[in-house]
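A.B. asks: What shape does this take:
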Amino acid sequence: MQIPVAVTFRHMDANEAVNAWIERLVKSKLERVCDHINRCDVAIERPNKRTRSGSGFRVRLELTVAPGHDVVIRREPGEGSVRDDIYVVLQDAFEAARRRLQKLSEQQRGDVKSHPEQVAAGVVSRMFAEHGFLETTEGDEIYFHRNSVLGHDGFHTLRPGTLVAFDTEEGDKGPQATSVRIVDSRGMERVETPAIDAADIH
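C.D. replies: Coordinates of the predicted model:
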């Protein structure tokens, strides 16, 4: 399949070589993992204020995946090495997206089996405008972003005390929750697969 790709450059000139690199990454990192990506939006920004460390580029990669999921990857200017050029930053972002898509595809195919005692992985402990924190059964607190919550408008249905299951990946400040799924009082995952409304994509 050919995934529609939209690339936006901010505070820097558009670059055909970068566009070609993105197309290559879409084919090598995304299309081989998932065949139901509806759209790929890439925003590249070079802030006016230079950082003392990190690549100096901000990249946001947003994928719309049927039947109702968004995958969002961010790379901030302070991350990575000052020697990292935009090609390295993009490759890192697409590799993170590939890992996220692989997990999502496995869940949709049912390859990842969950047992009731494993589903109730934690509860929502704190909520903020764009993110929140989960408390695990071991008492650890783990960060999650609103875009990691699966299901239509799933983030806004969370409340402190909501039972959730989630995957984790290593972030810049430690582990963070990905693919957060709401579970009911019996420990069974709630499945929601509504159609995507373009107005809901942020």
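A.B. asks: who's in contact with D85?
C.D. replies: With contacts defined as CB atoms under 8 Å, 6 or more residues apart in numbering, D85 is in contact with S55. Bear in mind the C-beta positions are built from the backbone N, C-alpha and C, glycine included.
A.B. asks: From D140, how far off is it?
C.D. replies: Taking CB to CB, to the nearest Å as the measure, D85 and D140 are separated by 36 Å.
A.B. asks: Count the residues that sit near R100.
C.D. replies: R100 has 24 neighbours, counted by other CB atoms under 10 Å.
A.B. asks: Show me what the lengthiest helix in the chain is packed against.
C.D. replies: When secondary structure is assigned using DSSP state H, the longest helix within the chain turns out to be helix 86-109. With contacts defined as 3 or more CB pairs under 8 Å, 6 or more residues apart in numbering; DSSP states H and E, the secondary structure elements packing on helix 86-109 are helix 16-25, strand 37-45, strand 58-65, strand 69-75, strand 163-171, strand 174-182.
A.B. asks: could those be laid out in a markdown table, adding mean neighbour count, distance to L90 and mean pLDDT?
C.D. replies: Listed next are the helices and strands packed on helix 86-109 as a markdown table, based on neighbours: other CB atoms under 10 Å; distance: least, CB to CB, whole Å; pLDDT from 0 to 100:
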| stretch | mean neighbour count | distance to L90 | mean pLDDT |
| --- | --- | --- | --- |
| helix 16-25 | 15 | 6 | 95 |
| strand 37-45 | 19 | 8 | 94 |
| strand 58-65 | 20 | 6 | 92 |
| strand 69-75 | 20 | 8 | 88 |
| strand 163-171 | 17 | 19 | 83 |
| strand 174-182 | 20 | 20 | 84 |
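A.B. asks: and S81, which of those is closest to it?
C.D. replies: Among the helices and strands packed on helix 86-109, the nearest to S81 by CB to CB is strand 69-75 (12.1 Å).
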